[in-house]
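Trainee: predicted model, plus sequence, below.
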Amino acid sequence: MKHHHTNLLFLNSLRLKPLLLEISFLSLLLMTLSACSVITETECRFANFAELGYADASKGKLREHFNKYQEKCLSYNIDLSEEIVMYDLGRERGLHNYCNSVKFSSQCDRGNNGGNVKSYLHINAEMLRLRSGLPNVGSSINQQ
């Protein structure tokens, strides 16, 4: 009788394996799909876009990545057009971080995705400063 009980347990475990594999696959699929979400409605409303720009640029993401945020947030009826300045300021800092890392400095020298990032940083710094209303750090405030 003991042997018969062991066989039933073995057969039941064989039946459960496909079910467990299916559950594991579905869990993995759900995690993957949720990772594809660019930004949530709450993030659209309350995100620090300067920090988001910094994080994106530090990972080497292109400036156009903001367009994905804008598109998704517009689907929630949230317009991010005023957040672009803060995103760009954070992105500027993040690009410096990205270009100064040993791993990616060569990509910045020869151009990342078709553009020279170091030239972009140099040329774009003044434009960003003017758009944000920040003082020019390199100049004297008390010029005569």
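Mentor: That came through fine. Numbering: from 1, shown residues only.

Trainee: tell me where the model's unsure across this structure.
Mentor: 1-37, 102-144 (pLDDT under 70).

Trainee: mind giving me the domain ranges of it?
Mentor: 1-36, 41-132 (automatic domain parsing).

Trainee: so what secondary structure elements neighbour the helix or strand where E92 lies?
Mentor: Assigned by DSSP states H and E, E92 falls within helix 84-100. Helices and strands touching helix 84-100, by 3 or more CB pairs under 8 Å, 6 or more residues apart in numbering; DSSP states H and E, are helix 49-58, helix 65-75, helix 105-110, helix 117-132. The C-beta positions use only the backbone N, C-alpha and C, and glycine is treated the same way.

Trainee: and the angle from that helix to helix 49-58?
Mentor: Helix 84-100 runs at 30 degrees relative to helix 49-58, counting by axes from the mean of the first three to the mean of the last three CA atoms, to 10 degrees.

Trainee: offset the numbering so it begins at 51, please.
Mentor: All set: I'll call the first residue 51, so the last point we hit is now helix 134-150.

Trainee: CA atoms only: put helix 134-150 into PDB for me.
Mentor: C-alpha atoms of helix 134-150 as PDB (Å, rounded to 0.1, in the frame of the first residue of the first chain):
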ATOM      1  CA  ILE A 134      11.000  69.900 -20.400                       C
ATOM      2  CA  VAL A 135      13.300  72.600 -19.000                       C
ATOM      3  CA  MET A 136      13.800  70.700 -15.700                       C
ATOM      4  CA  TYR A 137      14.300  67.500 -17.600                       C
ATOM      5  CA  ASP A 138      17.000  69.100 -19.700                       C
ATOM      6  CA  LEU A 139      18.800  70.600 -16.700                       C
ATOM      7  CA  GLY A 140      18.900  67.100 -15.100                       C
ATOM      8  CA  ARG A 141      19.900  65.600 -18.400                       C
ATOM      9  CA  GLU A 142      22.800  68.000 -18.700                       C
ATOM     10  CA  ARG A 143      24.200  66.800 -15.300                       C
ATOM     11  CA  GLY A 144      23.500  63.200 -16.300                       C
ATOM     12  CA  LEU A 145      25.400  63.500 -19.500                       C
ATOM     13  CA  HIS A 146      28.400  64.800 -17.700                       C
ATOM     14  CA  ASN A 147      28.100  61.800 -15.400                       C
ATOM     15  CA  TYR A 148      27.700  59.400 -18.400                       C
ATOM     16  CA  CYS A 149      30.700  61.000 -20.300                       C
ATOM     17  CA  ASN A 150      33.000  61.000 -17.300                       C
END
